[in-house]
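Trainee: I'll drop the sequence and a predicted model, then ask my questions.
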Amino acid sequence: MTHEGEDEQNRVPDLRRCERMPWPKPVIENCDRWRLKVWPQRRGNNNRLCIWLERDLEPDYFVILDVREKYVLPWTAFVAEYDHQKGKKEKEYVEYLKTQKPPSKT
């Protein structure tokens, strides 16, 4: 959650991520109250949950959780510094919404 890079052995510290280390907990705990966008990400055997904190004057913030059988791990968290990062997550969220059934009227 504090480093960046694809190669686990050669990841480098990201000071901007380090500055935001206190953020994931309140984002996770306040998903419902803050009406954040939350959706599952399933790729292969990975079962992850993405939480999107949209911000007005700052880049958006994402928290990714890895859902295991008996517990949940914080996987990563990052600021979408580039448009393509936000666009990719937005596309995932829209695709997820397409799979959801509208609430039934009772």
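Mentor: The structure has been received and is ready for your questions.
Trainee: and the residue nearest to Arg42 when sequence neighbours are not counted, what does it touch?
Mentor: Spatial nearest neighbour of Arg42, excluding adjacent residues (CB to CB, 6 or more residues apart in numbering): Arg48 at 7.5 Å. The C-beta positions use only the backbone N, C-alpha and C, and glycine is treated the same way. Arg48 sits next to 40-42, 64-67, 75 when contact means CB atoms under 8 Å, 6 or more residues apart in numbering.
Trainee: show me where pLDDT drops low in this structure?
Mentor: 1-12, 15-18, 106 (pLDDT under 70).
Trainee: which stretches of it form strands?
Mentor: 3-4, 12-13, 37-43, 46-53, 61-67, 72-79 (DSSP state E).
Trainee: C-alpha coordinates for stretch 80-95, CSV please?
Mentor: Extracted as CSV, the C-alpha positions of stretch 80-95 are listed here (Å, rounded to 0.1, in the frame of the first residue of the first chain):
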residue,chain,number,x,y,z
ALA,A,80,-5.8,7.9,-9.7
GLU,A,81,-3.2,10.3,-10.8
TYR,A,82,-3.8,9.7,-14.5
ASP,A,83,-7.0,9.9,-16.4
HIS,A,84,-6.6,6.3,-17.8
GLN,A,85,-6.5,4.9,-14.2
LYS,A,86,-9.8,6.5,-13.3
GLY,A,87,-11.2,5.6,-16.7
LYS,A,88,-10.3,2.0,-16.2
LYS,A,89,-12.1,1.8,-12.8
GLU,A,90,-15.1,3.7,-14.2
LYS,A,91,-15.4,1.2,-17.0
GLU,A,92,-15.2,-1.7,-14.4
TYR,A,93,-17.9,-0.1,-12.3
VAL,A,94,-20.2,0.5,-15.3
GLU,A,95,-19.8,-3.1,-16.4
